[in-house]
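Novice: Have a look at this prediction, sequence included:
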Amino acid sequence: MKRCRWITLDELEGRRAEWHEFAANCVFPSAFADPGWILPWWRVYGNRHHPWFLILEDAKGSLQGLAPLVCRRTRMARTLTFAGGEWNGLETLLCTRDLEAEFSALLLEELDARRQDWDVWRIRRVPTESCLAQLLLEGCGPLKAAAHDIRLQPFLELPPDGAAFEARFGSKQRGTQRRKWRRLLELGARPRLVSDLAEIEPAVHRLLELRRARAMAMGQRYAHMDARFGSFLVDVMRESGPNGTRLWTLEVDKQTLVMRLDLVQGVREHSYLLGLSDGHTALSPGSSLERHAILEAIAEGRTELDLGPGRDEYKYRLGAIDRELTRLVALSPSIRGRIVGSAAALDLTLRNTSAADALRRRRGMVSERGASKAVRTPLREHANK
């Protein structure tokens, strides 16, 4: 007999080991639903939020489903989001393969029962093929999407060995990559993983320093990459340990050329943050380190590399394909929810217009908008490999 109930953060944290194992082996393994991500986020950003964690247990009390939601209350609205909010690269429910549809429906029923306690539910990046997205988009349950759009997010399907990955590129491209890599090695460059606890904090701050400088030069947002965000990432690395994070650095003569932070969950690796200096740019150190990190991920048995938000050209040169993610707004069925949530729904609708897309293009931003028909991607299959 299964039981569905709301759980406190303290109780869930006490089951951290079970939570972590469950997150790595569920239908959609995602580092952004792992305790190594959510607990640091809560410590740094959770002071204005209230935990809304719903779990499904079997007769023995073992986890069968987890919805890691939080609620933020302001004067204007009580807003539900996935824990981690805007820092997440992918949002999912955690559940076993045969219970995805059942748990998604149970969550909507539980939220409907608590309709007087929340107003708006904002989902930023949930797989379009997931049962949760389909229920909300089709409106066949107690809740439905008041507005939505489709986001395209690139990812790589990783082959079983490095040679098969290299074979994806033409001989000329492979030759150029290897020549530049040899030249970097001749200069003394050596890729390495930052794992020493004493080195984590300065390394993360150096990564953010590089990323901010790059963002400023390209006219991109950078204010959010502040000291608070740095503390959060340091905490993530310490909480997740070397098996859950990969902070790569490539240096020459004590000068950092490039750094990249990846998150690991089960068979999936998430490329999260890249910092690139202006040193030796002719040798493409960023691409060289990325190639090295991908080959290492393949050697360690990963079958997918999620490349994160942003449809940058270099991702497709690596062989990326697009996954459809849905961004949506659902309203509480209460009178207050319908009134307060209408503004949030209108805001999302306006963001999904041709005029908004044209403005993003003028700012140098590549559109993430996709068609309304879903392209099925092998998320479920990967969870079993």
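Specialist: Alright, I've got the coordinates.

Novice: State the distance from residue 120 to residue 259.
Specialist: Taking C-beta to C-beta, to the nearest Å as the measure, residue 120 falls 37 Å from residue 259. Using the backbone N, CA and C atoms, a C-beta is placed for each residue, glycine as well.

Novice: Look at those two and report which has more neighbours.
Specialist: Set residue 120 next to residue 259 and count neighbours by other C-beta atoms under 10 Å: residue 259 wins out with 26 against 23.

Novice: OK, contacts around that one?
Specialist: Contacts for residue 259 (C-beta atoms under 8 Å, 6 or more residues apart in numbering) come out as 203, 206, 207, 210, 247, 248, 249, 250, 274, 275.

Novice: what's the helix or strand for the first one?
Specialist: For residue 203, the enclosing helix or strand under DSSP states H and E is helix 197-217.

Novice: next one: that helix to chain centre, how far?
Specialist: Taking the mean of its C-alpha atoms, helix 197-217 sits 19 Å from the chain's own mean (C-alpha atoms, centre = their mean, to the nearest Å).

Novice: Count the residues that sit near the nearest residue to residue 50 once chain neighbours are set aside.
Specialist: Leaving aside its chain neighbours, residue 50 sits nearest to residue 71 (4.7 Å; criterion: C-beta to C-beta, 6 or more residues apart in numbering). Look at residue 71: counted by other C-beta under 10 Å, it has 19 neighbours.

Novice: how far out from the middle of the chain is the helix or strand that contains residue 71?
Specialist: Following DSSP H and E, one finds residue 71 within strand 63-73. Strand 63-73 has its C-alpha centroid displaced from the chain centroid by 16 Å (C-alpha atoms, centre = their mean).

Novice: and it, which residues are buried?
Specialist: Within strand 63-73, the residues that qualify as buried are 63, 64, 65, 66, 67, 68, 69, 70, 71, 72, counting by 16 or more other C-beta atoms under 10 Å.

Novice: What residues does the last one make contact with?
Specialist: The reference is to residue 72. Neighbouring residues of residue 72 by C-beta under 8 Å, 6+ apart: 48, 49, 50, 78, 79, 81.

Novice: pretty sure the last one is touching residue 52, no?
Specialist: No: contact between residue 81 and residue 52 fails when scored by C-beta atoms under 8 Å: they sit 9.5 Å apart.

Novice: hey, what's in contact with both of these two?
Specialist: By C-beta under 8 Å, 6+ apart, the residues touching both residue 81 and residue 52 are 69, 70.

Novice: and whichever helix or strand residue 123 is part of, average pLDDT?
Specialist: Assigned by DSSP H and E, residue 123 belongs to strand 120-127. Strand 120-127 shows a mean pLDDT of 95.

Novice: Would you mark the buried spots in the helix or strand that it is followed by?
Specialist: Downstream of strand 120-127, the first helix or strand assigned by DSSP H and E is helix 131-138. Judged by neighbour count (16+ other C-beta under 10 Å), helix 131-138 contains these buried residues: 131, 132, 133, 134, 135, 136, 137.

Novice: buried sites along stretch 28-37?
Specialist: Residues 28, 29, 30, 31, 32, 33, 34, 35, 36, 37 are the ones in stretch 28-37 that count as buried (16+ other C-beta under 10 Å).

Novice: need the strands for the stretch 251-385 of the chain, in chain order.
Specialist: For the stretch 251-385 of the chain, the strands defined by DSSP state E, counting those that start in this stretch cover 255-265, 268-276, 304-306, 321-331.

Novice: Quick one: list the elements packing against the last one.
Specialist: Using 3 or more C-beta pairs under 8 Å, 6 or more residues apart in numbering; DSSP states H and E as the contact definition, the elements that strand 321-331 packs against are strand 120-127, helix 131-138, strand 145-157, helix 335-351.
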